[in-house]
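Chemist: Build the 3D model from these lines:
(chains A and B)
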Amino acid sequence: DSGVTQTPKHLITATGQRVTLRCSPRSGDLSVYWYQQSLDQGLQFLIHYYNGEERAKGNILERFSAQQFPDLHSELNLSSLELGDSALYFCASSMRQGSTGELFFGEGSRLTVL
Amino acid sequence: QKEVEQDPGPLSVPEGAIVSLNCTYSNSAFQYFMWYRQYSRKGPELLMYTYSSGNKEDGRFTAQVDKSSKYISLFIRDSQPSDSATYLCAMIGAGGTSYGKLTFGQGTILTVHP
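Modeler: You can find the predicted model right below:
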């Protein structure tokens, strides 16, 4: 158990809908990262927050947004969903502001868009 | 062209074999190199971590980094069925555009059969 909690574990929804994925980092970790994992693209970095502030952006679509709250939990919002958004979405956390690569991953949220 | 290239396999070996997993990369700013292991339906977990060039050994696992060739390897000695998983190489820079963005390879699916 990494100590990172993600909900929901599974989500099935329709195209055009909006969903919110939630992540609670390990106790004491200030950084939260979101990654998308699909069969053809592998693990793709989406966004990084440190102590409530956005620190780095990756290949995150404009339809997607995220935030980190004062209690350090984070939410990833996916809107106007398309079939291609079906993937595993992972949250990871670390203590540091700048990542040296040691991340603790949750078990992921599996999103299926029909 | 992807920044990190990794042969997805799948790779199937008998128990007790020596396994060699490799990644190449193109971004010379990468300075921290990692191997993550991901079991089916789980999040990735950090297996090995190295900084810059050189070797690091941990039990049956040895990680090698050759920055001059932009090539990293993971060796697994006396492989066990419990080693069956997807192995992802990952790397990150210490500054510039790579800062905060951990870049993963595609992952190699390894099966160790009894």
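
Chemist: Around chain B, pick out the residues from chain A.
Modeler: Those residues of chain A that sit near chain B, judged by C-beta under 8 Å from any C-beta of the partner chain, are A:2, A:4, A:33, A:35, A:42-43, A:45, A:48, A:55-56, A:58, A:90, A:92, A:98-108. All C-beta spots, glycine's among them, are computed from the backbone N, C-alpha and C.

Chemist: Where strands are concerned, which of the residues you listed count?
Modeler: The strands, defined by DSSP state E, take in A:Tyr33, A:Tyr35, A:Gly42, A:Leu43, A:Phe45, A:His48, A:Arg55, A:Ala56, A:Phe90, A:Ala92, A:Phe104, A:Phe105 from these.

Chemist: among these, which two are most distant?
Modeler: Of all pairs drawn from these, the widest gap by C-beta to C-beta lies between A:Gly42 and A:Arg55 and measures 22.0 Å.

Chemist: just how off-centre is stretch B:43-54 within its chain?
Modeler: From the chain centre to the centre of stretch B:43-54 is a distance of 7 Å (C-alpha atoms, centre = their mean, to the nearest Å).

Chemist: meant to ask about stretch B:7-19, not that
Modeler: 13 Å.

Chemist: Show me which positions of it end up buried.
Modeler: Taking 16 or more other C-beta atoms under 10 Å in any protein chain shown as the basis for neighbour counts, the residues of stretch B:7-19 that come out buried are B:Leu11, B:Val13, B:Ala17, B:Val19.

Chemist: Name the nearest residue to the third one, sequence neighbours excluded.
Modeler: Taking C-beta to C-beta, 6 or more residues apart in numbering or on different chains as the measure, B:Ala17 lies nearest to B:Ser79, with 5.2 Å between them; neighbours along the chain are not counted.

Chemist: beta partners of the spatially most central residue of chain A?
Modeler: Using C-alpha atoms, centre = their mean, the residue of chain A that lies closest to the mean C-alpha position is A:Trp34, 3.1 Å off. When assigned by DSSP bridges, A:Trp34 has beta-bridge partners A:Ile47, A:Cys91.

Chemist: For A:Leu46, see how far away it is.
Modeler: With distances taken as C-beta to C-beta, to the nearest Å, A:Trp34 is found 4 Å from A:Leu46.

Chemist: State the pLDDT value of residue 1.
Modeler: As the question left the chain open, I've gone with chain A. Among the per-residue scores, A:Asp1 shows a pLDDT of 85.

Chemist: switch to chain B, that's the one I care about
Modeler: According to the predicted model, the pLDDT of B:Gln1 comes to 75.

Chemist: How about B:Tyr99?
Modeler: Looking at B:Tyr99, its pLDDT stands at 55.

Chemist: Out of the buried residues of stretch B:7-19, which two sit at the greatest distance?
Modeler: Farthest pair in those (C-beta to C-beta) is B:Leu11 and B:Ala17. Separation: 10.0 Å.

Chemist: Okay, now the unreliable bits of chain B?
Modeler: Residues of chain B meeting the criterion pLDDT under 70: B:95-100.

Chemist: quick one on the thing from earlier: okay if I get the ones in strands among the residues of chain A next to chain B as TSV plus neighbour count and distance to B:Phe33?
Modeler: What follows is these, written out as TSV (neighbours: other C-beta atoms under 10 Å in any protein chain shown; distance: C-beta to C-beta, whole Å):
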residue	neighbour count	distance to B:Phe33
A:Tyr33	29	18
A:Tyr35	25	18
A:Gly42	20	17
A:Leu43	23	15
A:Phe45	22	16
A:His48	28	19
A:Arg55	19	21
A:Ala56	19	19
A:Phe90	25	20
A:Ala92	29	17
A:Phe104	21	18
A:Phe105	22	18
